[in-house]
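Peer 1: No sequence on hand, only this structure:
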């Protein structure tokens, strides 16, 4: 293979490296200048969208050169990521998101959206009226710990009126709009709602999630039943290092469980998604640590991390009104996913075929995992700071 062909083969992976660096820098900048700043100058900027588009195009070209259609399950896996990116772009172009505030008895059909500098100075009109009938805070049996924040609202459309309840993890839906309980007034006489309108992007993205889940199951079944493999394994490694790494991973998982259980859960965390999402992520972290010695654990670890991230995206869409908000925890989880997925591409990146190179890379990659698990909580904060 000539040098030019070799460079072209590495292009999509080099672009992914640039994506990782940009996202990491953005999380640091956000900590200093705020979410609105990085939303305008990084995540929402034309060059960031172009970087993702160029990465996707380079990846498609690379897969065509590799005749990926001959490996249906792998083709489906990469196609799912392309659909997810398409959904994200669609959301970026066609969606609308804003806030509205109502006192009890007030009615509105408008909501505030941010202008180019991140200020709520513009309004958009909804095809229905929204009225707040009553707001209440529900408490646990102790009478002091809030269990939910509940707004009883009336929604009026051309078809008539209906009453509904909007609370944490329970959104209101009408004519393609979704209404989320966001905050409330100190005197409990008013509510602030997030209004989200995304007619196409979420559906496309969820279709990508579904295809991704099917492809990961398909690949896992094929790997399980395969009698031979061209990938090097470390099954002959000593059992003791594997056990020690497993213990380290379990300690990490225990830290998260203890952190969650040490204090009462805030209402937004009182969801079935909590233990499914966190449990999947924790298991993936344990396997990523074990994969330093047991290389055959890398693929299931990456698949579990992928599953955990997109379960979190679905939960975020239910609770926050958006399936991806570039919160520092989300961003570093994505960085970790990209970093650990690279060694799975040994055909294109032969450097990883050496066990020595793989283990060296794994030790370096551990820094991204530790940053995601510990560093974000203590250094960057964000929407996941309660964790």
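Peer 2: That came in fine, so what should we check first? For clarity, every value in this text was computed on a predicted model and none was experimentally measured. Numbers count the residues shown, from 1 in each chain.
Peer 1: which residue ranges form the helices in the protein?
Peer 2: 3-33, 35-38, 46-65, 72-94, 201-225, 239-261, 273-290, 298-319, 328-341, 355-370 (DSSP state H).
Peer 1: Quick one, which of these gets closest to residue 119.
Peer 2: helix 35-38 (8.5 Å; Cβ to Cβ). Where you see a C-beta, it was placed from the backbone N, CA and C, and this is true even at glycine.
Peer 1: Counting by contacts, list what the closest one packs against.
Peer 2: Contact analysis of helix 35-38 by 3 or more Cβ pairs under 8 Å, 6 or more residues apart in numbering; DSSP states H and E lists helix 3-33 as its packing neighbours.
Peer 1: and the angle for the helix it packs on with helix 355-370?
Peer 2: 20 degrees (axes from the mean of the first three to the mean of the last three Cα atoms, to 10 degrees).
Peer 1: Now do residue 155 against residue 170, distance only.
Peer 2: Separation of residue 155 from residue 170 (Cβ to Cβ, to the nearest Å) stands at 14 Å.
Peer 1: one step back: between the helices of the chain, which one is nearest to residue 189?
Peer 2: The nearest among those, by Cβ to Cβ, is helix 298-319 at 23.8 Å.
Peer 1: give the contact list for the closest residue to residue 115 other than its chain neighbours.
Peer 2: For residue 115, ignoring the flanking residues on the chain, the nearest one in space by Cβ to Cβ, 6 or more residues apart in numbering is residue 121 at 4.8 Å. Neighbouring residues of residue 121 by Cβ atoms under 8 Å, 6 or more residues apart in numbering: 112, 114-115.
Peer 1: Do you know the pLDDT at residue 121?
Peer 2: Listed pLDDT for residue 121 reads 83.
Peer 1: Ok, residue 258 next?
Peer 2: 55.
Peer 1: now the one 3 residues further on
Peer 2: Residue-level confidence at residue 261 comes out at 55, pLDDT.
Peer 1: Check the burial of residue 111 by counting its neighbours.
Peer 2: By other Cβ atoms under 10 Å, the residues close to residue 111 number 25.
Peer 1: quick one, what contacts it?
Peer 2: 98-100, 123-124, 126, 193, 195.
Peer 1: Whichever of those end up buried, select them in ChimeraX.
Peer 2: Applied in ChimeraX, the following selects the buried portion of the contacts of residue 111 according to 16 or more other Cβ atoms under 10 Å:
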select :98,99,100,126,193,195
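Peer 1: and the contacts of residue 111 as TSV, adding distance to residue 364?
Peer 2: Shown next, in TSV, are the contacts of residue 111 (distance: Cβ to Cβ, whole Å):
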residue	distance to residue 364
98	42
99	42
100	47
123	49
124	47
126	50
193	45
195	44
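Peer 1: of all the helices of the chain, which lies closest to residue 106?
Peer 2: It's helix 298-319; of these, that one is closest to residue 106 (Cβ to Cβ) at 24.5 Å.
Peer 1: Which elements pack onto that closest one?
Peer 2: helix 201-225, helix 273-290, helix 328-341.
Peer 1: what mean pLDDT does the first one have?
Peer 2: For helix 201-225, mean pLDDT is 89.
Peer 1: and the residue lying closest to residue 371 once chain neighbours are set aside, what does it touch?
Peer 2: Excluding the flanking residues, the one nearest residue 371 by Cβ to Cβ, 6+ apart is residue 332, at 5.6 Å. Residue 332 makes contact with 24, 27, 368, 371-372, 375-376, according to Cβ under 8 Å, 6+ apart.
Peer 1: Any idea how many residues pack against residue 174?
Peer 2: 16.
Peer 1: My guess is it contacts residue 153. True?
Peer 2: No: assessed by Cβ atoms under 8 Å, residue 174 is found out of contact with residue 153, at 10.2 Å.
Peer 1: how close does the residue nearest to residue 115 sit to residue 94?
Peer 2: From residue 121 to residue 94 the distance is 22 Å (Cβ to Cβ).
Peer 1: With residue 341 instead?
Peer 2: From residue 341 to residue 94 the distance is 29 Å (Cβ to Cβ).
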